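Enquirer: quick one: sequence plus predicted model below, questions after.
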Amino acid sequence: MSESRTKCLVFIGTLAILFLVQPGRASHHFPDYPVRPAGEYANKVAKGGLVVAVEPVDGPEQQKTYFNSHLNSSGILPVFIVIQNTSATDSYLFDRSAVGLGDEGGPTGKSGRKTASLLTSGGLVDLALINDVSDVRDNMVKKQVRSRTLSPGSSVSGFLYVPVPSDAPRGKIHLQVPLTNTQSSEIEIVNLFF
């Protein structure tokens, strides 16, 4: 057998192995979390032309269904958020990186908000800082809420990940969601407690 033919067979064999391994990794399907209009959730706030709702997913069965993991034991609480622009004329910018945790009993304005990506100072969990390469992490990234501009009548939904104690009951969480009116540049800060 010639050397070039041997190299070709080795290359084809390597590709075959990659194709066989990759579908096995990608075969895990995690169902999407059911989305309802923001006004149908128990924990919601209407402010201006916006309705913002959150639903913490802290039950072990729910976490197993949607993430194939019990995230609370890892110190992570998945929180489903729905933001609906009910305005007939105004558009709002939602920037996920501006969402943060407020101090309980502290100010509810911009000065009281801890920004996302500051896991050590009480901000939201930044998935980019988790080095774990797994289907669970990939699924968390896929289901994370995305930043976007909400035109009149549109909505956005997905998960935020809040750090919680892994070995004790969680306390009350104060989530602050700033939304910027694209016409006036005025910032509406929506405060949610759960």
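Expert: Right, received. Where do you want to start? Numbering: from 1, shown residues only.

Enquirer: my read: Phe159 touches Val145, true?
Expert: Yes - using C-beta atoms under 8 Å, Phe159 makes contact with Val145 at a distance of 6.2 Å. (Each C-beta comes from the backbone N, C-alpha and C, glycine too.)

Enquirer: more neighbours: the two, which one.
Expert: The neighbour count for Phe159 versus Val145, taken as other C-beta atoms under 10 Å, is higher for Phe159 (23 against 19).

Enquirer: tell me the contacts of the more buried one?
Expert: Tyr33, Val57, Pro78, Val79, Phe80, Ile81, Met140, Lys143, Gln144, Val145 (C-beta atoms under 8 Å, 6 or more residues apart in numbering).

Enquirer: Asp103: which of those is nearest?
Expert: Using C-beta to C-beta, Val79 comes nearest to Asp103 of the contacts of Phe159, at 17.6 Å.

Enquirer: neighbours of that closest one, just the number please.
Expert: Count around Val79 with other C-beta under 10 Å applied: 22.

Enquirer: cool, Glu61 as well?
Expert: Neighbour tally, Glu61, other C-beta under 10 Å: 8.

Enquirer: beyond the host helix or strand of it, next helix or strand please.
Expert: Glu61 belongs to helix 60-67 when elements are defined using DSSP states H and E. Toward the C-terminus, helix 60-67 is succeeded by strand 76-85 as the next helix or strand (DSSP H and E).
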